[in-house]
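[1] Please find the sequence and the predicted model below.
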Amino acid sequence: GMDRMRGGFVDELHDVEHSAEESSDSLLPLLLMNIDEASSTPLYSNVGKIRDLFLNKWMGSNAKGGVMFKSTFFSSIEVSSDPRMMCDVALNIRAIQPVLLGWQYNRLEDNGFEERVKEWMSNWIESASAADCGKPRYVIPSALRYPSSSPGGPITSGWQNPGCKYVCLELERFGKVCEHHRDAFTWPSAIKPMSEVMALVAFKSKWCGGLRSLLDAVIMNEDIKEKNEDWDGKSEMGSKGSSEWVQSINLRQVMDGIVKWKFLTDGGTDFDDAIQTDDRYTNFLLKRNYDYGDGNFDQIKESLEKLGKGFSYNKEALTSEVRFTDRTFKFFKYARKMGFDKDQYPATSKSAELIYNVVTGDIKAPSYASVQAVGWVCE
């Protein structure tokens, strides 16, 4: 049963990548469909439980006077004290995903959430601005040690590979075996959604300092272009893992946050010269050219026609028989990789996002900082 979710979050210790799935993946679509529902309803009661866990259980003070998550393994009951997992990671934003949406739309009693989430973002922004543990300045790390708040993990081969996650299995012949999971929080894991959260917190709380890491990435990019006249501003430079490589792709990691900021603030001219995106729908909206003869719109129309064809097959598997939606939408990607008929399965993993965008007016995924213009009543 779902007794393990009675506290609003799983009551068993797991890494945040998986423990947040049962609450965030379930609550987020419900919130998006019922965004105007009164804050006193059971839906927002569940979200309030997660807010209270964030405020009262998961966070701790660090050596620099800031606040951060104490671990990557936590539940509604406890936070792991295993030193190998004592990190705050960018992916921890997954745990409070429903809270951020409820807060954004004023559907949740604050109870100190705004001030705490600003303190948390401040800690990440300060860490990003400093050169530390081999990390270049102006780069948001994917993990911070707790309680030192320095980039990387407790057992690490460098700030880009922090560890912070161990998978343990009980094997009949060998007993309990724990393996270091190397990829879960490796940089730039979750930096893109983290940048969206920074933009949201800056907008919602009228806090200009929340944009600091986004601005720093833009300035860094301009500095590199000045020193490398032949660089196009977005291609990878240097060998993977080098400081040169990190700096060359840094702006790309925060671009989603920049785009969300422009739409949260109804555009304006902020960041105009810094925008880099190949997404047709995003470019169409950013140009504010609603002439349907525009080439960008023709490309979107072509994508939607292919998309409709992809969704015309196996309808039950995509609708009434759905169990795990993320795996359902990845089906298109895997089908094409396996050599299935490309005319029959022309859609991609981004298909669901584009459909959502064109029927709501939102930009990119609604996971963080949703800016949907239209809501739909679902029966």
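    Good, I have the coordinates. Everything numeric here is computed off the predicted structure, so don't read it as measured data.
[2] surely Lys364 meets Asn357?
    Yes. Using C-beta atoms under 8 Å as the test, Lys364 is close enough to Asn357 to be in contact (7.4 Å). In this view, the C-beta of every residue, glycine as well, is placed from N, C-alpha and C.
[3] Those two: which is more packed in?
    Neighbour comparison, Lys364 and Asn357: the larger count goes to Lys364, with 25 against 21 (by other C-beta atoms under 10 Å).
[4] For the stretch 251-379 of the chain, give me the ranges with low pLDDT.
    Scanning the stretch 251-379 of the chain with the threshold set as pLDDT under 70 gives 267, 288-296, 310, 314, 317-319, 321-336, 338-351, 376-379.
[5] can you give me the helices for the stretch 251-379 of the chain?
    Taking DSSP state H, counting those that start in this stretch, the helices of the stretch 251-379 of the chain run over residues 280-286, 295-310, 315-318, 325-337, 351-360.
[6] which helices and strands does the second one pack with?
    Applying 3 or more C-beta pairs under 8 Å, 6 or more residues apart in numbering; DSSP states H and E, one finds that helix 295-310 contacts helix 280-286, helix 351-360.
[7] What of the last one?
    On a contact count with 3+ C-beta pairs under 8 Å, 6+ apart, helix 351-360 meets helix 280-286, helix 295-310, helix 325-337.
[8] What residues sit buried inside that helix?
    351-357, 360 (16 or more other C-beta atoms under 10 Å).
[9] Turn the helices and strands packed on helix 295-310 into a markdown table, columns for distance to Asp3.
    Listed next are the helices and strands packed on helix 295-310 as a markdown table, based on distance: least, C-beta to C-beta, whole Å:
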| stretch | distance to Asp3 |
| --- | --- |
| helix 280-286 | 42 |
| helix 351-360 | 31 |
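[10] closest to Glu78 out of those helices?
    helix 351-360 (35.0 Å; C-beta to C-beta).
[11] Centre of the chain to that closest one, how far?
    18 Å (C-alpha atoms, centre = their mean, to the nearest Å).
[12] ditto for stretch 26-34
    With C-alpha atoms, centre = their mean, you get 17 Å for stretch 26-34.
[13] Can you verify my assumption that Asp362 contacts Ala373?
    Yes. In this structure, Asp362 is within contact of Ala373 by C-beta under 8 Å, at 7.1 Å.
[14] Could you check which of these two is surrounded by more residues?
    For Asp362 versus Ala373, neighbours defined as other C-beta under 10 Å are more numerous around Asp362 (21 against 9).
[15] if I pick that one, what's in contact with it?
    Residues near Asp362 by C-beta atoms under 8 Å, 6 or more residues apart in numbering: 356, 370-373.
[16] ok, 10 Å please
    When contacts are counted by C-beta atoms under 10 Å, 6 or more residues apart in numbering, Asp362 touches 32, 260, 263, 285, 353, 356, 369-374.
[17] Would you show me how to pick out the buried ones of these in ChimeraX?
    Here is the ChimeraX selection string for the buried members of the contacts of Asp362, based on 16+ other C-beta under 10 Å:
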select :32,260,263,285,353,356,369,370,371,372
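[18] if we can go back for a sec, including distance to Asn46, could the buried residues of helix 351-360 go into JSON lines?
    Formatted as JSON lines, the buried residues of helix 351-360 follow (distance: C-beta to C-beta, whole Å):
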{"residue": "Ser351", "distance to Asn46": "29"}
{"residue": "Ala352", "distance to Asn46": "24"}
{"residue": "Glu353", "distance to Asn46": "25"}
{"residue": "Leu354", "distance to Asn46": "29"}
{"residue": "Ile355", "distance to Asn46": "27"}
{"residue": "Tyr356", "distance to Asn46": "23"}
{"residue": "Asn357", "distance to Asn46": "27"}
{"residue": "Thr360", "distance to Asn46": "23"}
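[19] Cool, thanks, signing off.
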